[in-house]
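**Student:** What follows is a protein structure lacking sequence information:
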């Protein structure tokens, strides 16, 4: 009989933000799928799980290249899906763990789709995790939206023209993973008179979590991959 496949969000990085439901599923898990984007990069999701359940699992590393080539991506998803299926067909319970939530900008969706399409007899369950933007709002103790306000959440990989369009339509905006396009984002916010309405937050949930409203102070510094900017147009 095949094992069960779990997709588990482990939250933004603080092990104490792992949900009880996620913890219970991990207790039933024998093999952890570890998503990696490069062969020598440490998995953030694994570091969270390792602090709560150290030494419990066998690891199955799955490589997902940082590529925009559709065929390269499809090949990697299929390879990862089949490697996962082989472990499940051995009767092992397998979990794919991911930072944040598995249904929000995660490679988990591709893996789940492969298993459902190619191995429909395998039981699957997805367990949500706390998103980084929710953890950031709690860390700052500011609501992301209230009453009639609307909010948009987009990756900073969006072009700057799209960013201006979103800023014109929404009261509040969360920009994810801003490190590589920070200077361009700062220029847009400055030009639109929104720089003072923005807050930069990095590594929320980790001991060195950080935020600042002085975005100019970050120019020329090396910014962390796990960084977010929240813009609130109506806030004083």
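**Tutor:** Arrived safely. No experiment lies behind these values; they were computed from the predicted model shown. Numbers count the residues shown, from 1 in each chain.
**Student:** can you tell me which residues contact the nearest residue in space to residue 63 that is not next to it in sequence?
**Tutor:** Among residues not flanking residue 63 along the chain, residue 36 sits closest, at 5.7 Å (CB to CB, 6 or more residues apart in numbering). Any C-beta I mention is one placed from the backbone N, CA and C, and that applies to glycine too. Residues in contact with residue 36 (CB atoms under 8 Å, 6 or more residues apart in numbering) are 43, 61, 62, 63, 64.
**Student:** Mind listing the residues bridging to the residue lying closest to residue 80 once chain neighbours are set aside?
**Tutor:** Nearest non-adjacent residue to residue 80, counting by CB to CB, 6+ apart: residue 62, 4.0 Å away. Going by DSSP bridges, residue 62 is paired in beta bridges with residue 35.
**Student:** measure residue 62 to residue 110 for me?
**Tutor:** 10 Å (CB to CB, to the nearest Å).
**Student:** Correct me if wrong: residue 200 contacts residue 216.
**Tutor:** No - using CB atoms under 8 Å as the test, residue 200 is too far from residue 216 to be in contact (10.5 Å).
**Student:** So between those two, which is more surrounded?
**Tutor:** residue 200 (23 against 9; other CB atoms under 10 Å).
**Student:** Can you give the contact residues for the host helix or strand of that one?
**Tutor:** The secondary structure element spanning residue 200 is strand 198-202 (assigned by DSSP states H and E). Residues outside strand 198-202 that contact it (CB under 8 Å, 6+ apart): 136, 139-140, 142, 178, 189, 209-213, 215, 218, 223-224, 226-232.
**Student:** Helices - which of these land there?
**Tutor:** If you go by DSSP state H, the contacts of strand 198-202 have 136, 139, 140, 189 in helices.
**Student:** looking at the residues you listed, which has the most residues close by?
**Tutor:** Neighbour max across these (other CB under 10 Å) = residue 136, 25 neighbours.
**Student:** Looking at residue 62 and residue 110, which one has more neighbours?
**Tutor:** More crowded of residue 62 and residue 110, by other CB under 10 Å: residue 62, with 20 against 16.
**Student:** ok so, going back, per-residue pLDDT of the residue nearest to residue 63, please?
**Tutor:** The score at residue 36 is 73. That number is its pLDDT.
**Student:** tell me which residues in the longest helix anywhere in the chain are buried?
**Tutor:** Looking across the chain with DSSP H, the single longest helix is helix 70-89. Neighbour counts over helix 70-89 (16 or more other CB atoms under 10 Å) mark 73, 76, 77, 80, 81, 83, 84, 85, 87, 88 as buried.
**Student:** Mind listing residues that contact it?
**Tutor:** 2-5, 31, 33, 60, 62-65, 67, 94, 96, 107, 110-111, 113-115, 118-119, 122.
**Student:** Which members of those residues occur in strands, if any?
**Tutor:** Of those, the ones assigned to strands by DSSP state E are 5, 31, 33, 60, 62, 63, 94, 96.
**Student:** ok, residue 235 - contacts?
**Tutor:** Contacts of residue 235 (CB under 8 Å, 6+ apart): 142, 197.
**Student:** meant to ask about residue 173, not that
**Tutor:** 151, 152, 153, 154, 166, 167, 230, 231.
**Student:** Please name the nearest non-neighbouring residue to the residue nearest the centre of the chain.
**Tutor:** Nearest to the mean C-alpha position of the chain, counting by CA atoms, centre = their mean, stands residue 100 at 4.4 Å. Of all residues not flanking residue 100 in the chain, residue 131 sits nearest, at 5.1 Å (CB to CB, 6+ apart).
**Student:** got any ranges where the chain has weak pLDDT?
**Tutor:** The chain contains residues with pLDDT under 70 at 37-42, 158.
**Student:** Go again with 90.
**Tutor:** Scanning the chain with the threshold set as pLDDT under 90 gives 34-56, 61-70, 72-74, 105-107, 155-164, 177, 180, 205, 225-226, 234-236.
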